[in-house]
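K.L.:
the following block contains a protein sequence and its predicted model.
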Amino acid sequence: MAEPSHRKRIWGWMMYDWATQPFHTLILTFIFGPYFAEQVIASLTAGGMDAAHAKAEAQSIWGYGLTVAGLTIAIFAPILGSIADENKRRMPWIWLFSSLYVVGSAGLWLASPVDFPTLWVLIFFGLGLIGVEFTTIFTNALLPALGTREEIGKISGNGWAWGYVGGIIALVIMLLLFAENASGVTLLGSVPLFGLDPETREGTRFVGPFVALWFVISMVPFFLWVREPKATSLPMGRAVRKGLSDLIKTLKTLPKRQSLFAYLGASMFYRDALNGVFTFGGIYALGALEWSVVQIGVFGILAAFTGAVFTYFGGLADQKFGPKPVIIFCILVLVSVCLVILTITRESVLFMVVEAGSKLPDIAFYICGAVLGAVSGVIQSASRTMMVRQADPERMTEAFGLFALSGKATTFLAPALIALVSDLSNSQRLGITPLIALFILGLVLLAWVNPEGTKVSENA
């Protein structure tokens, strides 16, 4: 078989973003997350809990589920990354965790509103989340081989933008053909396709198998065209021993590498605050504005569209100015939008009372979603290229394992804080305030990050 061209290798690598974006868009944020909250709220209120407390409790349960998955990722990501660097094989790991992704996503079909199986749903969701996060570690580690130091910013941005396009298409398909509203019809006003039963929410539950099938089909170009750099690999047993030894050495010397250490700390806070915004955004809209799953899906289309457009231009800005200024600008925008969201309720916008039945709160939330979408892809793409600049080229998968660890440190911290504050305050709105503090902490730590990466002297 002929060796794939360089252009095909880049397109194959970008297809990973296309393949996995629907998990973030449909399952984590705009379709399944709100559906999960809706069913938990219904179950709790049926048991006698008041509506306000039930909404906060649903947000809390979702947060604790994310916490468990995040802890698992945080513990094992750097270990597996270090082992892969020694073994010089990343593709087998991508195959393994791709399988976990498919099983976890498809298993969400079990989320029937009849005796809603909360624990099993969280287990399958956790498997899917672990699958997507671990495959991301290994595919990100392939990025440096695709271009020069300057080129990878644009390649990364194009990948994120292409992923958003996939997310938009997948979300539109779900809203038009499958996800039903309270009346049992889709956005087209018809019953879900393939005879799926709206009474048991089969159209909405189909999001899990749909995302799994999307991934299987979309990853074909990746596995056909992406090639690992040729290198001599160690047997797995030796790779495990040496990988663990080198990881311990890396962790011991990490505080001496000021730029890398500060960047991992900064990204630990701001990336997971960003994840929190989208993970709980749909649930917040469901409770605070009483939106339907279909309305939240339209919100998602808008956010994904602005994300696709602006992430492309963000990649160009990354190539011209470098990733650090791009990241700082995005954090400032994200903090501002979060502050605005806290003022949006059904009764008020920016602390100004609106008339009953006013559409202004909905419009304001849609605008916030568009801005969030615009900067979220930009900051994630720039973060990926910043990690390449900070990392040792010989330890790239380990570096992205540490990068995953830094993100997952607050993937369980942010949901846990949201869950805790929601529980203590019995307020869904106050429950998301920890995200603002996390963004600000990340911004402060960026002051110690060298935009050109870890200096050679720091590695000594």
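P.N.:
Received the coordinates, thanks. Residues are numbered from 1 along each chain as shown.
K.L.:
who's in contact with Leu100?
P.N.:
Counting by CB atoms under 8 Å, 6 or more residues apart in numbering, Leu100 makes contact with Leu127, Gly128, Ile130, Gly131, Phe134. C-beta here means a position set from N, CA and C on the backbone, and glycine is covered the same way.
K.L.:
rerun at 10 Å
P.N.:
Taking CB atoms under 10 Å, 6 or more residues apart in numbering, we find Leu100 in contact with Leu127, Gly128, Leu129, Ile130, Gly131, Val132, Phe134, Thr135.
K.L.:
check Leu171 too.
P.N.:
The contact partners of Leu171, by CB under 10 Å, 6+ apart, come to 21-22, 25-26, 29-31, 179, 207, 297-298, 300-301, 303-305.
K.L.:
tell me which of those residues fall in helices.
P.N.:
Residues of these located in helices (DSSP state H): Gln21, Pro22, Val207, Gly297, Val298, Gly300, Ile301, Ala303, Ala304, Phe305.
K.L.:
chain center to stretch 201-208: distance?
P.N.:
Counting by CA atoms, centre = their mean, to the nearest Å, stretch 201-208 is centred 21 Å from the centre of its parent chain.
K.L.:
export that stretch as CSV, just CAs?
P.N.:
Provided in CSV are the C-alpha atoms of stretch 201-208 (Å, rounded to 0.1, in the frame of the first residue of the first chain):
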residue,chain,number,x,y,z
ARG,A,201,-37.8,9.3,24.7
GLU,A,202,-36.1,6.9,22.3
GLY,A,203,-35.4,9.7,19.9
THR,A,204,-33.3,11.6,22.5
ARG,A,205,-31.8,8.4,23.9
PHE,A,206,-30.6,7.5,20.4
VAL,A,207,-28.0,10.2,20.8
GLY,A,208,-25.7,7.6,22.4
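K.L.:
buried residues of it, list them for me.
P.N.:
Under the neighbour-count criterion of 16 or more other CB atoms under 10 Å, stretch 201-208 has Arg201, Glu202, Gly203, Thr204, Arg205, Phe206, Val207, Gly208 buried.
K.L.:
quick one: Leu445 and Ser267 touch, right?
P.N.:
Yes - counting by CB atoms under 10 Å, Leu445 does reach Ser267; the two are 8.6 Å apart.
K.L.:
quick one, which of the two is more surrounded?
P.N.:
Neighbours per residue, other CB atoms under 10 Å: of Leu445 and Ser267, the larger number sits with Ser267, 27 against 19.
K.L.:
what about the more buried one, distance to Thr306?
P.N.:
To Thr306, Ser267 is 23 Å away according to CB to CB, to the nearest Å.
K.L.:
cool, Ile432 as well?
P.N.:
21 Å.
K.L.:
looking at these two, which is more packed in?
P.N.:
It is Ile432, of Ile432 and Thr306, that has more neighbours when counted by other CB under 10 Å, with 26 against 20.
K.L.:
run the chain-centre distance for the helix or strand harbouring Leu332.
P.N.:
Under the criterion of DSSP states H and E, Leu332 resides in helix 323-341. Helix 323-341 sits 17 Å away from the centroid of its parent chain (CA atoms, centre = their mean).
K.L.:
restricting to C-alpha, output that helix in CSV.
P.N.:
Provided in CSV are the C-alpha atoms of helix 323-341 (Å, rounded to 0.1, in the frame of the first residue of the first chain):
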residue,chain,number,x,y,z
PRO,A,323,-0.6,30.9,21.5
LYS,A,324,-0.1,32.8,24.8
PRO,A,325,-1.7,36.2,23.8
VAL,A,326,-4.5,34.2,22.2
ILE,A,327,-5.1,32.3,25.4
ILE,A,328,-5.1,35.5,27.6
PHE,A,329,-7.6,37.3,25.4
CYS,A,330,-9.9,34.3,25.4
ILE,A,331,-9.9,34.0,29.2
LEU,A,332,-10.8,37.7,29.6
VAL,A,333,-13.7,37.1,27.3
LEU,A,334,-14.8,34.0,29.1
VAL,A,335,-14.8,35.7,32.5
SER,A,336,-16.9,38.5,31.1
VAL,A,337,-19.5,36.2,29.6
CYS,A,338,-19.8,34.1,32.8
LEU,A,339,-20.5,37.3,34.8
VAL,A,340,-23.3,38.2,32.3
ILE,A,341,-24.8,34.7,32.5
